[in-house]
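In: Kindly generate the corresponding structure for this input.
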Amino acid sequence: MDLNPPPGENYANPRICLFHVLFKAGALAFYILSALFFDSFVIIFVVTVLLSALDFWVVKNVSGRILVGLRWWNEIDDNGESVWKFECLDQESLARMNKKDSWLFWWTLYLTAVIWIFFGIFSLIRFQADYLLVVGVCLTLSIANIVGFTKCRKDAKKQIQQFASQTIANRFSSTIQSAFSVV
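Out: Residues are numbered from 1 along each chain as shown. Sure thing, here's the model as predicted:
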């Protein structure tokens with residue numbers, strides 16, 4: 001992954017990018033600044049987890065679909081087994097995705113988890129089990145999106161490779177058929 005955003009390209013979906021970052025930043029900022037304004041751990045817990053849950057929902061259902069063309073969900077089948085489901089745009093649409101949007105999506109997804117891990121370590125060092133609980137919930141939501149979208153991206157790459165192999169095989173067989181039908 002490149003550390004710098006792609007040059008010379010604007011965001012194709014600036015509002016979606018804003019909300020993709022807004023709830024992440026809101027949850028992190030509230031968690032950091034809340035100790036200055038509130039004495040109640042319950043308020044800190046509820047608001048931080050609520051902002052993190054909103055972030056989870058926006059990333060999973062809106063920005064993931066629009067910024068990178070991926071969507072995932074988990075279902076329980078008739079046997080009670082957990083089944084991951086993945087959806088991605090077709091090859092042409094994925095190739096047209098805005099690179100800057102994609103860059104922002106992936107970097108903020110991973111960076112948020114790293115920051116929550118840092119806060120978790122800090123809570124451990126300070127022996128703050130209650131704040132570790134807040135961080136644990138927020139980190140779990142963040143990691144769930146990372147796992148879902150990473151699996152979805154791998155599934156999309158596999159589908160693209162299968163499509164490419166199938167297309168090449170079809171072209172090859174039609175070329176051979178054309179060659180023998182001429183003879």
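In: CA only for contacts and neighbour counts going forward, please
Out: Fine.
In: where along this structure do the helices fall?
Out: 14-37, 41-58, 64-67, 91-95, 99-125, 129-182 (DSSP state H).
In: and among those, the most buried is which?
Out: Mean neighbours per residue, mean count of other Cα atoms under 10 Å, is largest over the helices of the chain for helix 64-67, with a mean of 22.
In: Glu81: which of the helices of the chain is closest?
Out: When the helices of the chain are compared for distance to Glu81 using Cα to Cα, the nearest one is helix 129-182, at 16.8 Å.
In: for the protein, which spans come out with low pLDDT?
Out: Low-confidence regions of the chain, defined by pLDDT under 70, span residues 1-9, 12, 90-95, 154-183.
In: got a markdown table for the helices of the chain, with distance to Asp77 too?
Out: As requested, the helices of the chain are arranged in a markdown table below (distance: least, Cα to Cα, whole Å):
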| stretch | distance to Asp77 |
| --- | --- |
| helix 14-37 | 31 |
| helix 41-58 | 22 |
| helix 64-67 | 24 |
| helix 91-95 | 29 |
| helix 99-125 | 29 |
| helix 129-182 | 18 |
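In: so which of the ones you listed comes closest to Gly80?
Out: With respect to Gly80, and counting by Cα to Cα, the nearest of those is helix 129-182 at 19.7 Å.
In: so how far is stretch 67-80 from its chain's centroid?
Out: Between the mean C-alpha point of stretch 67-80 and the mean C-alpha point of its chain there is a distance of 13 Å (Cα atoms, centre = their mean, to the nearest Å).
In: and Trp73, which of the helices of the chain is closest to it?
Out: Of all these, helix 129-182 sits nearest to Trp73, with 7.5 Å by Cα to Cα.
In: Ok, which of the helices of the chain comes nearest Ser82?
Out: Among these, helix 129-182 comes nearest to Ser82, with 13.2 Å by Cα to Cα.
In: thought Leu104 was touching Cys17?
Out: Yes - taking Cα atoms under 8 Å as the definition, Leu104 is a contact partner of Cys17 at 7.4 Å.
In: contacting residues for Ile66?
Out: Going by Cα atoms under 8 Å, 6 or more residues apart in numbering, Ile66 touches Asn13, Ile16.
In: redo that, cut-off 7 Å
Out: Neighbouring residues of Ile66 by Cα atoms under 7 Å, 6 or more residues apart in numbering: there are none.
In: Could you measure from it over to Arg96?
Out: Using Cα to Cα, to the nearest Å, one gets 12 Å for the distance from Ile66 to Arg96.
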